[in-house]
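K.L.:
Sequence and predicted structure are below.
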Amino acid sequence: MMDKLRRALSGNDGGDEERGFVAQVVESSSLGWGTRVKGFIACFVIGIVLSVIGSVCLFFPRGLVAFSVFYTTGNIVALVSTCFLMGPLNQCKKMFSPTRVVATVLVFVCLIMTLLSAFLWKKHGLALVFCIIQFLAMTWYSLSYIPYARDLVKKTVSTCIG
């Protein structure tokens with residue numbers, strides 16, 4: 001079971017002769033599977049904790065800037081956590097595959113726009129809007145990894161609206 005998960009996440013179907021030289025070098029110098037899982041869990045939990053801290057900051061005066069920073073940093077750390085499972089190169093390839101490229105670009109644009117709104121433009125309401133869009137974009141991006149999840153969401157929303 002763990003071997004199947006490992007092969008699926010690494011993009012390795014078991015055919016050594018089909019793998020290129022670069023893939024073999026990267027695999028031989030990478031972390032062990034147990035270390036990868038621990039790194040993923042640690043980063044993902046840290047990302048969630050940062051996002052929760054950001055949410056708590058909303059209840060403090062002028063806490064919207066802190067919320068924007070913590071929430072955005074939490075999303076970045078959670079996104080990076082998957083690099084432990086798949087490897088950074090494979091993660092980037094999957095992020096910019098045709099089925100995910102729009103969601104990926106939207107996530108990155110919202111991450112940047114949230115921080116610009118909070119610090120450079122000092123428009124707190126706009127920062128909050130970008131945080132909401134950031135959440136929706138991250139959700140849509142995450143759903144792309146679950147087979148048929150996006151189709152289910154589309155169908156559910158269309159049923160509720162029309």
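P.N.:
Received it, and whenever you're ready, just let me know what you need. Numbering: from 1, shown residues only.
K.L.:
CA only for contacts and neighbour counts going forward, please
P.N.:
Will do.
K.L.:
where does this protein have low pLDDT?
P.N.:
Residues of the chain meeting the criterion pLDDT under 70: 1-30.
K.L.:
Identify the residue nearest residue 131 in space, chain neighbours excluded?
P.N.:
Leaving aside its sequence neighbours, residue 131 sits nearest to residue 114 (C-alpha to C-alpha, 6 or more residues apart in numbering; 6.2 Å).
K.L.:
secondary structure element for that neighbour?
P.N.:
Element membership for residue 114, per DSSP states H and E: helix 101-115.
K.L.:
Can you mark which positions in that helix are buried?
P.N.:
By neighbour count on 16 or more other C-alpha atoms under 10 Å, the buried set for helix 101-115 is 103-104, 106-107, 110-111, 113-115.
K.L.:
Same question for stretch 93-102.
P.N.:
By 16+ other C-alpha under 10 Å, the buried positions in stretch 93-102 come out as 94-95, 100.
K.L.:
Redo those residues as a markdown table? Include distance to residue 50.
P.N.:
Converted to a markdown table, these look like this (distance: C-alpha to C-alpha, whole Å):
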| residue | distance to residue 50 |
| --- | --- |
| 94 | 25 |
| 95 | 23 |
| 100 | 25 |
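K.L.:
Between these, which sits nearest residue 119?
P.N.:
Of all those, residue 119 sits closest to residue 95, with 27.6 Å by C-alpha to C-alpha.
K.L.:
So that closest one sits against residue 105, correct?
P.N.:
No - checked against C-alpha atoms under 8 Å, the pair residue 95 and residue 105 is beyond contact range at 9.1 Å.
K.L.:
so after the helix or strand where residue 51 lies, what's the next helix or strand?
P.N.:
In this assignment (DSSP H and E), residue 51 forms part of helix 33-57. Counting by DSSP H and E, the next helix or strand C-terminal to helix 33-57 is helix 64-86.
K.L.:
Quick check: phi and psi on residue 121?
P.N.:
Backbone torsions of residue 121, given as degrees, to the nearest 10, read phi -90, psi -20.
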